[in-house]
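> next comes the sequence, and after it the predicted model I'd like to discuss.
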Amino acid sequence: MPSNDREVFDKLTGDGATAGAEDFITYALFAHERREWVTHHTVTHGRPPTASEVETWIGNITDYQFDQMRVRAASFFDVAARAYMAEELEQARQDTLKSAVVREVKAAGNFWRQLFIATVTAIMAPVIIGLIVVAALRSEAFVPSIAGTKEMLQLPKQGSNKEK
């Protein structure tokens, strides 16, 4: 465990596992906690801590506490970066939305193309349905059904025209 400021600085910035900015923010958090502890010690004991008391305090900081400082530093860095880049991020988001809308409109085609497709669909749908009905009626001759489709369509309805 480190026992002085220099060793803490080396521990926090020398691992190379994290970004340099986060390492320096972590060290700044350590320095802030050290200052708060010195202030608390001065108020509590009526005098500033000695160098050996500071070294003892530093030596009592656990790896978990250093890891927590790193997490807080990453969070500070994230918040600061987002605040700094907010305008550019919003502009990029707007540009993306605008290009997506334009792309969708172009993909949908122009008015005349859509009108042509709608007209062809309106003409072809009844023709296709009619062909299916004709095929069903014509197939009765070759493959009789149990229900007798052809006879049901050709017989007059009973009971609707009763003679008096």
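Happy to help now that I have it.
> after the helix or strand harbouring R103, which helix or strand is next?
Counting by DSSP states H and E, the element that carries R103 is helix 63-108. Toward the C-terminus, helix 63-108 is succeeded by helix 111-142 as the next helix or strand (DSSP H and E).
> where does the protein dip in pLDDT?
16, 18-19, 107-109, 140-164 (pLDDT under 70).
> picking up where we left off before, against which helices or strands is the helix holding R103 packed?
The contact analysis (3 or more C-beta pairs under 8 Å, 6 or more residues apart in numbering; DSSP states H and E) places helix 63-108 against helix 5-13, helix 20-45. Where you see a C-beta, it was placed from the backbone N, CA and C, and this is true even at glycine.
> mind redoing it with 7 Å?
In terms of contact count using 3 or more C-beta pairs under 7 Å, 6 or more residues apart in numbering; DSSP states H and E, helix 63-108 is assigned the packing partners helix 20-45.
> distance between the helix it packs on and the chain's centre?
Counting by C-alpha atoms, centre = their mean, to the nearest Å, helix 20-45 is centred 37 Å from the centre of its parent chain.
> burial of P49, as a residue count?
Neighbourhood size, P49 [other C-beta atoms under 10 Å]: 18.
> what's near enough to touch it?
Contacts for P49 were tallied using C-beta atoms under 7 Å, 6 or more residues apart in numbering; they are V38, H41.
> please report how far it lies from F76.
P49 sits 27 Å away from F76, taking C-beta to C-beta, to the nearest Å as the criterion.
> likewise for V101?
Counting by C-beta to C-beta, the gap between V101 and F76 amounts to 36 Å.
> and the two? Which one has more around it.
Each of V101 and F76 had its neighbours counted (other C-beta under 10 Å), and the higher figure belongs to F76 (16 against 10).
> spell out for me which residue occupies the centre of the chain.
R93 (13.2 Å; C-alpha atoms, centre = their mean).
> count the residues that sit near W37.
W37 has 15 neighbours, counted by other C-beta under 10 Å.
> name the nearest residue to it, sequence neighbours excluded.
Closest residue in space to W37, ignoring its immediate chain neighbours: W57 at 5.9 Å, by C-beta to C-beta, 6 or more residues apart in numbering.
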